[in-house]
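Visitor: Provided below for reference: sequence and predicted model.
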Amino acid sequence: VQLVESGGGLVQPGGSLRLSCAASGFTFSSYVMSWYRQSPGKGRELVARISSTDGSTDYAGAVKGRFTISRDNAKNAVYLQMSGLKREDTAMYFCYARRGTGTVMWGPEYWGRGTQVTVSS
């Protein structure tokens with residue numbers, strides 16, 4: 001199993017970035033896919049999640065309306081479109097996969113190594 005994130009970088013406040021996560025080694029369409037983030041000195045927090053079945057999504061309150069998660073099962077990829085970025089969005093962003101449907105998940109958890117997003121002027 002492999003999850004490889006890309007697309008992070010340095011962006012000015014108010015700017016946009018699109019993160020990508022390329023997945024391999026498992027049946028992608030059967031997995032709930034999520035993005036988490038972690039800032040220095042803080043715990044890892046859920047940013048957004050997308051169902052394996054109907055494409056339903058959940059977002060953390062801090063990013064709702066600014067971030068959009070999507071998936072392409074044909075490409076085994078999940079994306080996070082981030083706009084209106086704020087300094088407090090600065091963090092390492094991780095891709096996460098777990099078998100399941102909607103919010104019901106089971107089995108092993110898989111993590112990518114992360115991609116750094118820095119929002120600064």
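Guide: Everything's here; your move. Residues are numbered from 1 along each chain as shown.

Visitor: now the end-to-end length of stretch 51-60.
Guide: Using C-alpha to C-alpha, to the nearest Å, the end-to-end distance of stretch 51-60 comes to 15 Å.

Visitor: quick one: distance of that stretch to the chain centre.
Guide: The chain centre lies 12 Å from the centre of stretch 51-60; the measure is C-alpha atoms, centre = their mean, to the nearest Å.

Visitor: CA atoms only: put the strand of greatest length in the chain into PDB for me.
Guide: Longest among the strand segments of the chain by residue count, using DSSP state E, is strand 91-101. In PDB, the C-alpha atoms belonging to strand 91-101 read as follows (Å, rounded to 0.1, in the frame of the first residue of the first chain):
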ATOM      1  CA  ALA A  91       0.700  22.500   8.300                       C
ATOM      2  CA  MET A  92       1.900  19.100   7.000                       C
ATOM      3  CA  TYR A  93      -1.000  17.600   5.100                       C
ATOM      4  CA  PHE A  94      -1.400  13.800   5.100                       C
ATOM      5  CA  CYS A  95      -3.500  11.500   2.900                       C
ATOM      6  CA  TYR A  96      -5.300   8.800   4.800                       C
ATOM      7  CA  ALA A  97      -7.100   5.700   3.600                       C
ATOM      8  CA  ARG A  98      -9.300   3.100   5.300                       C
ATOM      9  CA  ARG A  99     -11.800   0.600   4.000                       C
ATOM     10  CA  GLY A 100     -15.300   1.700   4.600                       C
ATOM     11  CA  THR A 101     -18.500   3.400   3.500                       C
END
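
Visitor: just for this protein, where's the confidence low?
Guide: Nowhere does the chain drop to pLDDT under 70.
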